[in-house]
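Enquirer: make a model of this:
(chains A and B)
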Amino acid sequence: SAVISQKPSRDICQRGTSLTIQCQVDSQVTMMFWYRQQPGQSLTLIATANQGSEATYESGFVIDKFPISRPNLTFSTLTVSNMSPEDSSIYLCSVLNMNTEAFFGQGTRLTVV
Amino acid sequence: AQRVTQPEKLLSVFKGAPVELKCNYSYSGSPELFWYVQYSRQRLQLLLRHISRESIKGFTADLNKGETSFHLKKPFAQEEDSAMYYCAPSNSGNTPLVFGKGTRLSVIA
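Expert: This next block holds a predicted model:
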């Protein structure tokens, strides 16, 4: 299994500001994934973060809005830039183990006012 | 296009009644299928996967390749089964999961 620590667990931010979410895994993993879960919706993949290369973004998500860092095999950050109320959501990081089982952080509940 | 469909947004059943949460998928290749569950105030976690063919918490799911379905079933629902359930196919070990829209199961006492 993998234990993922994600912080902050929640935040309330002013529009136009940025928030960086951190994700720490207790083991080395090749890929880390960032998801968004808007109120009442399912999980939507934002990007895949690889160590040593740029993140791969899904359609509808861009690096300028959601810059990602992956400095080593156990850590990643996601920044939500120039926030607007539409960015209010739960943001989740996730990893896969060798058996393709996904593990998730507890999520960051972001409210933009 | 890769797609997974969970047609029911909300499913309410009485305690002790059978429950079936539907999942249909449209995927290239031979995906592996998963069900994930999120209980209130807990993080998302794996419930079961089709290759293990085991029963977890009384739940089973059979992969029907002809109908491209992976429905989750339990013969007798319990109140503690109330949660959000997500169906998720995956094509390979390093491919991120794509989730269905989820079904909220509410078991009524």
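Enquirer: where does the chain have low pLDDT?
Expert: In the absence of a named chain, this looks at chain A. Nowhere does chain A drop to pLDDT under 70.
Enquirer: the chain in question should be chain B.
Expert: Applying pLDDT under 70 to chain B flags residues B:1, B:92-93.
Enquirer: quick one: B:E80 is in a strand?
Expert: No. Counting by DSSP: H, G, I helix; E, B strand; the rest coil, B:E80 falls outside a strand, being helix.
Enquirer: so how far is B:F34 from the residue lying farthest from the centre of chain A?
Expert: Going by CA atoms, centre = their mean, the residue of chain A most distant from its centre is A:N99, 21.8 Å out. Distance from A:N99 to B:F34, counting by CB to CB, to the nearest Å: 11 Å. C-beta here means a position set from N, CA and C on the backbone, and glycine is covered the same way.
Enquirer: check A:Y57 too.
Expert: Applying CB to CB, the value for A:Y57 to B:F34 is 24 Å.
Enquirer: which of these two has more neighbours?
Expert: When neighbours are counted by other CB atoms under 10 Å in any protein chain shown, A:Y57 and B:F34 differ, and B:F34 comes out ahead with 25 against 17.
Enquirer: what about the more buried one, helix or strand, and which?
Expert: According to DSSP states H and E, B:F34 maps onto strand B:32-38.
Enquirer: what comes up buried for stretch B:43-61?
Expert: By neighbour count on 16 or more other CB atoms under 10 Å in any protein chain shown, the buried set for stretch B:43-61 is B:44, B:46-49, B:59, B:61.
Enquirer: with stretch A:16-24 instead?
Expert: A:19, A:21-23.
Enquirer: which helix or strand contains the residue nearest the centre of chain A?
Expert: Most central residue of chain A, judged by C-alpha distance to the mean C-alpha position with CA atoms, centre = their mean, is A:W34 at 3.6 Å. Following DSSP H and E, one finds A:W34 within strand A:31-37.
Enquirer: who touches that strand?
Expert: Strand A:31-37 is contacted by residues A:23, A:25, A:43-50, A:66, A:68, A:70, A:76, A:78, A:89-96, A:107, B:94, B:96 when judged by CB atoms under 8 Å, 6 or more residues apart in numbering or on different chains.
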